[in-house]
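Student: Need coordinates for the following:
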Amino acid sequence: MSYYTIKTVLVLFTLFIAGIIFFKRIYDYLIVNLRRGQPSNVTGQWGERIKLFIVYVLAQFRLFRYRKPGLAHFFIFWGFLILSLTILFAIVEGIAAFSDPDYIVPVIGSIGPLALLQDILAVIVIIAVLYDLYVRLAEDPERYTGSHKREGVRVLIYILLIMITLLVMNGIRINLRVDPNAGWRPISSVVGRLFVGMEETTQIIVEESAYWVHLLIVLIFLIELPQGKHFHVVTSAFAVFLRDLEPRGGLHSAPEFNGDVGVSKVEQFRWRQMLDFYTCTECGRCQDYCPAYASELPLSPKLLMMDLRDHLKERGEALTKESTNTSTHQSILEKELVGDVITYQTLWACTTCYACDQECPLLIDHISPIVDMRRHLVMEGRVDAELQDALANLARYGNSFGKSARARARWARKIKPKIKDARSETVQYLWFVGDYASFSSTLTDVTKLTANIFRKIGLDFGILYDGENQSGNDVRRVGEEGLFEMLVENNMAVLSKCNYETIVTTDPHTYNTLKNEYPTNGNGRPPVLHYTELLDELITSNHLSFNKKLNYKVTYHDPCYLGRYNDVYEAPRRVIEATGCQLVEMPRHGDRTFCCGAGGGRIWMEDNPDVQERPAENRIREAAALPDVSTFVVTCPKDLVMFKDAVKTTGLEEKIVVKDIIELVGEALELIDSEITE
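Tutor: Now for the predicted structure:
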């Protein structure tokens, strides 16, 4: 039996074995576990899904937020994808070797421009791989902490060897004059010259050795794929195409299992959430922008996904083999998802700022699994004592301050004439004031100024007085779904009796939940505006102009629930510029803003004593480092509270002052000195 007949047999045999292992592992590690997951609604909006696939899978748009690594990955992805044709050719040529050792795939194998493209791409991929190896081995950025770096390096070496062996095979075939595209392979020709002094038989041995290295590495990579982080090569297209297309500011209702609320076992996640666990590339971009991780709290969104993925695999295997009842399987099944796999401290560290989701190149949802597990903790009463007090106050009084509902509009008592009561008077704008703007002593003057400015510019507005309850945005993200539903029901009962056109609020958290999570009234949700959007509309339509131009430099903080959740970035900036202020952007701004640390109920929780620097303090230091900037502008009541406190704790009172944007408007209207103290 000739070598080439043996080659054909071995190629078929290795393909068969590798294929069986690959598909069995996909079935065991992916399909079986996804089938155990809960239902997910991923149908409809096919046009939007195709667009997402093109933008985030094919064009890899998010990767370029880190320019150099993104470019390297783009070329590796597309280079490897296009060069997969050469892998296919190699397999076909190996299968046909018994009849023709120099077999060339008909038509496609003889296209010169394609051969040139493959030659060029092989070099580009080699360069990109060498750059990635340098980043991992020499630079070793913080974002790779906890990732499977050895696996990443090993796969890069696989790709490097696949490219080198491809060039060696093509180069020697050019030397042997059996490549019909020899004139189209300038790089392979150069590689081939390295072997031109060898005997023909020796060159054939080298070429065949390169072939087997090429093929075996491809097959080894294939069978390893379902067990490691590079499984995203398979899952990412499905994960992006089948992602949840509901507004990013809305959460799914709490799952229930036999009366238990929330997720306490990994198979209780929706199968679409599970797909995200497998799709994590361990790139650590989410970790780079996580305020909890920056504060050295025990949360890395990347490690969270990795831990959930590992547990899903091990628990899935234990459930499959449960009948064997081995001690190992039993110990896995006895692990608590919240406690043993994901710690209590990890879950409560999250501010739900959405930075992790925003940075993820494959649109992975980190927040909903956290909230689902929090829901289980809340049901069991495993919550911070201060948070428990806040939730108790919300249940009893409708606000987290524990104040009587009658005290909600106390700030408005001295404003004359009295602000309209939207429950009994028709208004164009219903101002949903929110808890902090209503009750916090830090915000009383700003709230009164807002009312006076609304009145000064002729706005027809009213408030709900003691009929308003907390909107429930943070209550829901804490995991108290029942309390959230109660607050929504109470607010909707009041709102349904009011006659208004538009809701306006100064609180981005309230804005988000009213806009994205409250039920419709039969004609759809009423329009909801953040006050910066309203001011911007009035300025643009010339209904608001300023008597005075403020000629000083300011910087602006994008609130998470206004910016990343609802894409409101430009309106606040236009308002700032209209007042005459010069806006100096912070290094982290727009959708890369850095959370103040108050979201997700964190404002109600006690700070961890291990925190090295709170997110708000980190942000204030960033602002204070800007040259000639003395004012830090915010557009969220919680931001005002958090950052004013951070200015004190950092000792930067002489360097920077925190102001609500409405204070700039008041100064530009020349109202702030006369009417703020009424």
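Student: Could I get the full set of helices for the stretch 301-450 of the chain?
Tutor: With DSSP state H, counting those that start in this stretch as the criterion, the stretch 301-450 of the chain has helices at 301-320, 327-333, 344-348, 355-359, 367-380, 385-397, 435-439, 444-456.
Student: Go through these and find the least confident stretch.
Tutor: Note on the helices of the stretch 301-450 of the chain: lowest mean pLDDT is at helix 327-333, with a mean of 83.
Student: buried residues in that one?
Tutor: Of all the residues in helix 327-333, those buried under the rule 16 or more other CB atoms under 10 Å are 329, 332. C-beta: built from backbone N, CA, C; applies to glycine.
Student: Reformat the helices of the stretch 301-450 of the chain as a markdown table; add distance to residue 186.
Tutor: Shown next, in a markdown table, are the helices of the stretch 301-450 of the chain (distance: least, CB to CB, whole Å):
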| stretch | distance to residue 186 |
| --- | --- |
| helix 301-320 | 42 |
| helix 327-333 | 55 |
| helix 344-348 | 54 |
| helix 355-359 | 40 |
| helix 367-380 | 50 |
| helix 385-397 | 66 |
| helix 435-439 | 67 |
| helix 444-456 | 68 |
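Student: so which of these gets nearest residue 150?
Tutor: helix 301-320 (14.3 Å; CB to CB).
Student: helices and strands around that closest one, which ones?
Tutor: Helix 301-320 is packed against helix 32-36, helix 271-279, helix 285-288, helix 327-333, helix 367-380, with contacts defined by 3 or more CB pairs under 8 Å, 6 or more residues apart in numbering; DSSP states H and E.
Student: one more time with 10 Å
Tutor: helix 32-36, helix 271-279, helix 285-288, helix 291-294, helix 327-333, helix 344-348, helix 355-359, helix 367-380 (3 or more CB pairs under 10 Å, 6 or more residues apart in numbering; DSSP states H and E).
Student: Residue 63 contacts residue 72, doesn't it?
Tutor: Yes. Using CB atoms under 10 Å, residue 63 is in contact with residue 72, at 9.1 Å.
Student: ok so, going back, now the helices and strands packed on helix 301-320 in CSV, please, with extra columns for distance to residue 632.
Tutor: Below are the helices and strands packed on helix 301-320 laid out as CSV (distance: least, CB to CB, whole Å):
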stretch, distance to residue 632
helix 32-36, 47
helix 271-279, 36
helix 285-288, 23
helix 291-294, 17
helix 327-333, 50
helix 344-348, 28
helix 355-359, 20
helix 367-380, 27
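Student: low-scoring pLDDT stretches of the stretch 101-250 of the chain, where are they?
Tutor: The model of the stretch 101-250 of the chain has no residue with pLDDT under 70.
Student: Which of the residues in stretch 637-656 are classified as buried?
Tutor: In stretch 637-656, counting by 16+ other CB under 10 Å, buried: 637-647, 650, 652, 655-656.
Student: what do you get for stretch 659-672?
Tutor: For stretch 659-672, using 16+ other CB under 10 Å, the buried residues are 659-669, 671-672.
Student: again, but for stretch 622-640
Tutor: For stretch 622-640, the neighbour count (16+ other CB under 10 Å) marks 622-624, 626, 629, 631-640 as buried.
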